[in-house]
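*Asks:* Below are the sequence and a predicted model for it; my questions follow.
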Amino acid sequence: MRIQAVDPLVVPNPGRSYVYVLIKTDAGLTGLGEATLMGRERSVLEAVRDFGELVLGQDPLRREHLWHRLFLSDRRRNGAVQMGAIAGIDVALWDIAGQAAGLPVHRLLGGPVRDRVWCYPHCHPHTPEEVPDAFGPLVEAGWSAAKFMPIAGPHEDARGLDVREAAKRAARIVQAARNFVGEAFELLIETHGRLRPVELIDHARRIEEYDPYFIEEPTRPEAVAAHRLIRAKVRAPLATGERLLHRWDAQPLIDEELADFLQPDVVHAGGISEVWKIGVAADSHLIQLAPHNPQSPVNTMASLHLDFALHNFAIQEMVWPTPAWLSDLFDGGPVIDHGFALPPDRPGLGITLNEAQARALQAKGPAAPPSLLTYRDGAPAEV
């Protein structure tokens with residue numbers, strides 16, 4: 001079996017467009033991967049095309065060989081665009097391998113170590129008064145955890161982000177959320193790496209009494225010294241890693257145990273092959289995996305196969321509900337029962353793309369533009 005074509009495409013969507021990778025073989029199998037990179041969709045699309053030339057004519061079952069062929073082909077590697085392109089190709093190769101074997105991908109990874117995968121969606125209360133409308137539908141649908149960002153993003157206020165005022169408001173929102181959902185529902189607190197250590201420490205101290213499951217991306221991921229300071233000062237569990245690109249990015253966080261949960265995203269961190277390695281390395285320090293995934297159902301499925309097979313998995317992020325227009329692009333996808341995903345049982349990823357429908361959408365408009373955020377004084381802020 002040989003690779004005949006690598007065909008990427010962008011499905012435009014306001015805020016977050018989706019990049020898909022289709023790898024076609026001479027055996028009639030087509031693998032599907034996702035390489036979404038918010039705000040840089042056109043760049044990763046071209047990177048997939050460039051890398052695709054390096055795998056044409058190759059055996060798609062030599063995943064490890066092809067991963068390193070792509071990774072080592074670029075001496076100026078380590079960028080999000082390059083690793084996203086590699087991720088999309090890698091996931092599509094796993095899809096082909098599963099189809100060729102007649103097995104779901106998690107069976108190729110050693111088989112499931114659990115019967116179901118705990119998942120969480122997002123909600124967006126910006127004031128204490130909005131908490132019932134934000135959390136009510138999730139509780140009614142049977143979810144037992146949700147992530148939200150009580151420190152509002154700068155895009156929610158034309159004047160920009162006032163961190164101190166936002167921290168005070170955030171504590172009131174978290175308190176209202178805890179009072180509404182009770183003790184059995186887990187609250188996951190997002191910060192998007194927008195806070196400096198002193199700001200994050202203040203934020204954490206205001207909300208720790210409400211027992212967050214974790215505080216996510218406490219500061220910028222490249223600031224390892226800042227992570228050390230936060231780790232020493234904050235009692236709440238910490239999660240980070242959504243911007244990890246590969247195992248070498250993850251290693252300092254693992255070696256120094258700077259987080260309780262690592263959050264690699266399959267579409268950013270080199271695909272299933274590389275996230276598996278990150279997960280195994282984290283397990284040696286008893287660090288759990290909580291994969292990042294605000295992406296489409298393709299990345300959700302790729303993540304779930306890892307979740308079922310990795311012993312140190314904790315909880316999986318996903319978008320819920322999936323917009324109808326997006327669901328209509330696919331056959332198959334995650335099956336959720338009261339906040340838990342059931343094991344995929346179809347060969348490969350267990351999801352296929354209606355290529356003609358997706359390309360028709362691609363023709364209708366460009367990808368979403370990059371986001372730009374500011375503080376209240378107009379200085380650029382972390383997106």
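*Replies:* Looks like it came in fine.

*Asks:* contacts, neighbours, all on C-alpha from now
*Replies:* OK.

*Asks:* now the strands for the stretch 251-383 of the chain?
*Replies:* Listed in chain order, the strands of the stretch 251-383 of the chain (DSSP state E, counting those that start in this stretch) span 261-262, 288-289, 316-317, 330-332, 336-337, 340-341, 351-353, 373-374, 380-381.

*Asks:* Which of those has the highest mean neighbour count?
*Replies:* strand 261-262 (a mean of 28; mean count of other Cα atoms under 10 Å).

*Asks:* Lowest mean pLDDT across the strands of the stretch 251-383 of the chain, which one is that?
*Replies:* Here the strands of the stretch 251-383 of the chain differ in mean pLDDT, and the lowest is strand 373-374 at a mean of 72.

*Asks:* and that one, what does it pack onto?
*Replies:* With contacts defined as 3 or more Cα pairs under 8 Å, 6 or more residues apart in numbering; DSSP states H and E, the packing partners of strand 373-374 are strand 380-381.

*Asks:* got a list of contacts for the strand it packs on?
*Replies:* Residues outside strand 380-381 that contact it (Cα atoms under 8 Å, 6 or more residues apart in numbering): 154, 194, 372-375.

*Asks:* got CSV for the strands of the stretch 251-383 of the chain, with distance to Ala204 too?
*Replies:* Below are these laid out as CSV (distance: least, Cα to Cα, whole Å):
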stretch, distance to Ala204
strand 261-262, 16
strand 288-289, 21
strand 316-317, 21
strand 330-332, 40
strand 336-337, 32
strand 340-341, 28
strand 351-353, 39
strand 373-374, 22
strand 380-381, 20
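
*Asks:* my guess is Gly350 meets Ala302, correct?
*Replies:* No: with contact defined as Cα atoms under 8 Å, Gly350 does not reach Ala302; the gap is 9.1 Å.

*Asks:* Between the two, point out the one with more neighbours.
*Replies:* Ala302 (29 against 23; other Cα atoms under 10 Å).

*Asks:* distance of the more buried one from Glu41?
*Replies:* 19 Å (Cα to Cα, to the nearest Å).

*Asks:* what's near enough to touch Pro150?
*Replies:* Neighbours of Pro150 in contact, by Cα under 8 Å, 6+ apart: 124-126, 166, 169-171, 173-174, 189-190.

*Asks:* I'd like these laid out as TSV, including neighbour count.
*Replies:* Output for these, formatted as TSV (neighbours: other Cα atoms under 10 Å):
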residue	neighbour count
His124	16
Pro125	21
His126	19
Ala166	16
Arg169	18
Ala170	24
Ala171	22
Ile173	24
Val174	29
Ile189	25
Glu190	21
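
*Asks:* I'd like to know which of those is nearest to Asp7.
*Replies:* Taking Cα to Cα as the measure, Glu190 is the one of the contacts of Pro150 closest to Asp7, at 34.7 Å.

*Asks:* Regarding stretch 239-254, how distant is the last residue from the first?
*Replies:* By Cα to Cα, the extent of stretch 239-254 from end to end equals 12 Å.

*Asks:* Equivalent analysis for stretch 218-235, please.
*Replies:* End to end - Cα to Cα - stretch 218-235 spans 12 Å.

*Asks:* Which two of the contacts of strand 380-381 have the greatest separation?
*Replies:* Arg194 and Leu372 (13.1 Å).

*Asks:* tell me, what's touching those two both at once?
*Replies:* 381, 383.

*Asks:* Of the two, which one has the most company?
*Replies:* Higher neighbour count among Arg194 and Leu372: Arg194, with 21 against 12, using other Cα under 10 Å.

*Asks:* And the more buried one, how close does it get to Arg235?
*Replies:* From Arg194 to Arg235 the distance is 19 Å (Cα to Cα).

*Asks:* residues touching Glu382, list them.
*Replies:* Glu382 is in contact with 192-194, 373-374, counting by Cα under 8 Å, 6+ apart.

*Asks:* try His192
*Replies:* If a contact means Cα under 8 Å, 6+ apart, then His192 has 216-219, 382-383 as its contacts.
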